[in-house]
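K.L.:
Kindly return the folded structure for what I paste below:
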Amino acid sequence: MNNLEKLYGRFSQSPWLDNLSRDLLSSGKLQEYIDQGIRGLTSNPTIMENAITHSNAYDEQIKQLSEQGLNDEQIYWRIVEDDIKTATALLRPLWDQSGGTDGF
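P.N.:
The predicted structure follows:
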């Protein structure tokens, strides 16, 4: 049992990761963290801004959405929606297992 599992198992504390990025999703690292005991994930505008501006993982999607005529705000929200949907799909088993207590 690792420390994340102990934190939850012994103390009923649900460890969350305070980060979301396309790199985290596409690399499989988020799934690894979930497998190790992470039970939730934080996202907010600052986290997403940092993810977008500090990675080229979004460049192709930004280009495609821009070519579709979307403005900056629309592009931002589409990116956020895509990343959060991907993350919630990975966290869904925790949501189901915990009856909605974890897996956010």
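
K.L.:
immediately after the helix or strand of the chain with the lowest mean pLDDT, which helix or strand?
P.N.:
Every helix and strand of the chain was ranked by mean pLDDT, DSSP states H and E. The lowest is helix 3-11, at a mean of 90. Scanning forward in sequence from helix 3-11 by DSSP states H and E, the next helix or strand is strand 16-17.

K.L.:
avg pLDDT for that following strand?
P.N.:
Mean pLDDT, strand 16-17: 94.

K.L.:
can you give me how far that strand is from the chain middle?
P.N.:
9 Å (Cα atoms, centre = their mean, to the nearest Å).

K.L.:
And the contacts of the helix or strand that it is followed by?
P.N.:
Scanning forward in sequence from strand 16-17 by DSSP H and E, the next helix or strand is helix 22-26. By Cβ atoms under 8 Å, 6 or more residues apart in numbering, the surrounding residues in contact with helix 22-26 are 29-30, 51, 55, 57-58, 83, 86-87, 90. Where you see a C-beta, it was placed from the backbone N, CA and C, and this is true even at glycine.

K.L.:
hang on, the earlier thing: any idea how far the least confident helix or strand of the chain is from the chain center?
P.N.:
For helix 3-11 - counting by Cα atoms, centre = their mean - the centre lies 21 Å from the chain centre.

K.L.:
Check which residues of that helix are buried.
P.N.:
4, 7-8 (16 or more other Cβ atoms under 10 Å).
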